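[1] A structural model of the following input is requested.
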Amino acid sequence: MQTGEAVTIVHGEQELFERTRHLFTTATDVACAANGLATWAAAQSAPEFTGMVRERRPAGARLRKMYRSALLLDQVAARNLARDRDRHGAHVRVTTQEINETIILDRRLVILAGDLTAGRRSYTVITQREAVQAVTSLFDAAWHSATELDVYDTQIAEIRHLAPQVLDLLSQGAKDEAAARTLGLGVRTYRRRVAELMDALGAESRFQAGVRARELGLV
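    Sure thing, here's the model as predicted:
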């Protein structure tokens, strides 16, 4: 463990759980941002941590969760996300923007997820008031511009169905005209679907879309 002024670095979910358990069990306002479902729920390392986040909240507590849109390109992940929302009363939104994986407790404490190294993730726990306020402001801005889960899920339903085929055609370097014929689409419709897929992946180019799709295991 490394400690600085109002900033603590912990290694692994178990250590994070041990240091913050009492805060989670009393928090009445929890905000969470994540790129995927596993960042804050590494049950293999600390199953208590998962239960703490999801179930041990005071009655009437507010739980907001914000996820990257690319997650909804996976049908199983999308279904699990909706199930988690319904089971635990979370308010869930989706964003196409880059986000820092973060938990904010009662606007007084921030936990930032670090990189996963050798099977273990590090976390930065911050209580310094100005830093917490800054992170909270960034989260609130992203939250207000994000889309409700059900709305985004409806918007992305068709491209989610086509995503594997579109990504495969892009990886082959297929011309738009040929790819459109393969999918039985008009060229303009195909290009629109590609643009929607890139947006969901947060990619600025077709090449970057392919890279991000591989990182997510979509191809």
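[2] output the below-cut-off pLDDT ranges for this structure.
    1-5, 38-39, 41-60, 118 (pLDDT under 70).
[3] same thing but 80
    1-5, 36-60, 88, 115-120, 215-219 (pLDDT under 80).
[4] output the longest strand belonging to it.
    Determined from DSSP state E, the single longest strand within the chain is strand 109-117.
[5] which strands or helices does the helix or strand where residue 207 lies pack on?
    Using DSSP states H and E, residue 207 maps to helix 206-215. When contacts are defined as 3 or more Cβ pairs under 8 Å, 6 or more residues apart in numbering; DSSP states H and E, helix 206-215 sits against helix 149-171, helix 187-201. Glycine gets a C-beta too; all of them are placed from N, C-alpha and C.
[6] which of the ones you listed sits closest to residue 70?
    Nearest of the helices and strands packed on helix 206-215 to residue 70, taken as Cβ to Cβ: helix 187-201 at 5.0 Å.
[7] the closest one packs against which elements?
    helix 149-171, helix 176-183, helix 206-215.
[8] identify whichever of these lies nearest to residue 196.
    Of all the helices and strands packed on helix 187-201, helix 149-171 comes closest under Cβ to Cβ, at 4.6 Å.
[9] which of the residues in the closest one are buried?
    149, 152-153, 155-156, 159-160, 162-163, 166-167, 169-170 (16 or more other Cβ atoms under 10 Å).
[10] could you do stretch 125-132 as well?
    So for stretch 125-132, counting by 16+ other Cβ under 10 Å, buried means 125, 126, 132.
[11] distance of residue 84 relative to residue 28?
    With distances taken as Cβ to Cβ, to the nearest Å, residue 84 is found 20 Å from residue 28.
[12] what of residue 204?
    Taken as Cβ to Cβ, the span from residue 204 to residue 28 is 39 Å.
[13] tell me which of these two has more neighbours.
    Taking neighbours as other Cβ atoms under 10 Å, residue 204 and residue 28 compare with residue 28 leading, 13 against 10.
[14] shouldn't that one be in contact with residue 62?
    Yes. Residue 28 lies in contact with residue 62 (Cβ atoms under 8 Å); the separation is 6.9 Å.
[15] let me see the contact set for the residue most central in space within the chain.
    Centroid-nearest residue in the chain, with Cα atoms, centre = their mean: residue 35, separated by 2.6 Å. With contact set as Cβ atoms under 8 Å, 6 or more residues apart in numbering, residue 35 has these partners: 67, 68, 70, 71, 99, 101.
[16] wait, doesn't the fifth one sit right on residue 70?
    If I follow you right, that is residue 99. No. With contact defined as Cβ under 8 Å, residue 99 does not count as touching residue 70 (11.3 Å).
[17] so between the two, which is more surrounded?
    Counted by other Cβ under 10 Å, residue 99 and residue 70 do not tie: residue 70 has more neighbours, with 26 against 19.
[18] still on that earlier bit, how about the helices and strands packed on helix 187-201 in CSV, adding distance to residue 109?
    Converted to CSV, those look like this (distance: least, Cβ to Cβ, whole Å):
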stretch, distance to residue 109
helix 149-171, 26
helix 176-183, 48
helix 206-215, 30
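[19] which one of those lies closest to residue 197?
    helix 149-171 (5.4 Å).
[20] buried set for stretch 110-125?
    110, 111, 112, 113, 121, 122, 123, 124, 125.
[21] can you give me the neighbour number for residue 20?
    21.
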